[in-house]
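**Student:** sequence first, predicted model second:
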Amino acid sequence: MASTYPPTSPLPLSGLSCPPPWIRAAPTRIGHLFPRLPGQSEYNRHLRDLAPALLTAAMWLARAVPTWWENLRLMDGTPVRCGAPKVTVDRSMLGEIAGYGRDVSHHAFYWGAKLMLITTTDGAVCAFSLAHPKELDERQQALHLLHVQDCAPGPAPIVCDKGFAGVGIENAAADLGHVLIRPVRQDEPAPGVEVFPSWLRQRIEAVIWTLKNQLGLERHAARTTEGLWARVCQRIVALNAVIWHNWLIGAPVKRSLIAYDH
């Protein structure tokens, strides 16, 4: 386990987001740092076992950045695609968490899971969950996440999108002390003053883009539910570690991965 945990963290930052290329490249890149490196099957097995430790590390890093104490959070959900061909769907071991859902943002259907994120204003992920897209809709998944994980030191306004509209979710979030801030829907009366921070709403979209593209979440290559959860935790640990380190060194852009992704 000690030989597996350190190599898992730089994998999403290496540009080799899938385990086989990383396992082949690891001896030349970090082989001098470890007495022994695991093979692919051993790596995958240990990575699944390390998921609780990766989750703990990600939450510790989120609480170690100064923006954890800010009274504002961002929330959004995004699909995590797990396969497209019919034969993949029939034979996959992801059936516990993966299903057919609709990606409203891109007007497309997908087969996979739904990832819900709550972040600080600088992009540190302070709460997240995976859910079946048909068993829990976006609002139900968000409420479950707010109940089971602490996303802030206390009650905080949460900036989200129109998908979280509804009296039920707003009242349930208010019972927990959180106020949902979202744009007005077309079937609602327009407010007298525009108060929704559209520029701030784009930040969590940028966080999702970072996870999916620079950190390779779109190419997770998971084949089981446990493997998918471990790979999501792995990417979030890498993102939170970069933000935490950028705060330590005083980098101007806290979410920038440019210094680490090559």
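**Tutor:** All right, it came through fine.
**Student:** and the helices in the chain?
**Tutor:** In the chain, helices defined by DSSP state H lie at 5-8, 19-30, 40-49, 51-64, 86-91, 138-148, 167-175, 198-209, 225-249, listed in chain order.
**Student:** could those helices be laid out in CSV, adding distance to His132?
**Tutor:** (C-beta placed from N, C-alpha, C; glycine too.) Listed next are these as CSV, based on distance: least, CB to CB, whole Å:
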stretch, distance to His132
helix 5-8, 26
helix 19-30, 25
helix 40-49, 19
helix 51-64, 18
helix 86-91, 14
helix 138-148, 9
helix 167-175, 19
helix 198-209, 19
helix 225-249, 10
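**Student:** for the ones you listed, which one sits closest to Ala131?
**Tutor:** Of all the helices of the chain, helix 138-148 sits nearest to Ala131, with 4.6 Å by CB to CB.
**Student:** where's Val242 relative to Ala124, distance?
**Tutor:** Val242 sits at a distance of 9 Å from Ala124 (criterion: CB to CB, to the nearest Å).
**Student:** cool, Lys114 as well?
**Tutor:** 21 Å.
**Student:** nearest spatial neighbour of Leu145, chain-adjacent residues omitted?
**Tutor:** Distances taken as CB to CB, 6 or more residues apart in numbering place Ser129 nearest to Leu145, at 4.8 Å, with adjacent residues excluded.
**Student:** repeat that for Asn246.
**Tutor:** Lys254 (4.6 Å).
**Student:** what about that neighbour, neighbour count?
**Tutor:** 20 (other CB atoms under 10 Å).
**Student:** same check on Asp90?
**Tutor:** Asp90: 9 neighbours (other CB under 10 Å).
**Student:** rewinding a little: isn't the residue nearest to Leu145 up against His144?
**Tutor:** Yes. At 6.9 Å, Ser129 counts as touching His144 under the criterion of CB atoms under 8 Å.
**Student:** who's more crowded, those two?
**Tutor:** Ser129 (20 against 14).
**Student:** ok, what's across the strand from the more buried one?
**Tutor:** Counting by DSSP bridges, Ser129 is bridged to Met116.
**Student:** ranking helices and strands of the chain by mean pLDDT, which lands last?
**Tutor:** The weakest-scoring helix or strand in the chain, judged by mean pLDDT, DSSP states H and E, is helix 5-8 (a mean of 49).
**Student:** for the stretch 151-262 of the chain, which spans come out with low pLDDT?
**Tutor:** By pLDDT under 70, the low-scoring segments of the stretch 151-262 of the chain are 190-196, 261-262.
**Student:** the same query, at a cut-off of 80, please.
**Tutor:** Applying pLDDT under 80 to the stretch 151-262 of the chain flags the ranges 184-201, 259-262.
**Student:** same deal with the stretch 1-150 of the chain?
**Tutor:** 1-46, 83-96, 102-108.
**Student:** quick one: end-to-end distance for stretch 160-170.
**Tutor:** 11 Å (CA to CA, to the nearest Å).
**Student:** roughly how far is that stretch from the heart of the chain?
**Tutor:** Relative to the chain's own centre, stretch 160-170 is displaced by 20 Å; criterion: CA atoms, centre = their mean, to the nearest Å.
**Student:** if you tally nearby residues, what's the number for the residue nearest to Ser92 when sequence neighbours are not counted?
**Tutor:** Closest residue to Ser92 apart from its sequence neighbours, by CB to CB, 6+ apart: Gly83 at 5.9 Å. Neighbour count for Gly83, taken as other CB under 10 Å: 18.
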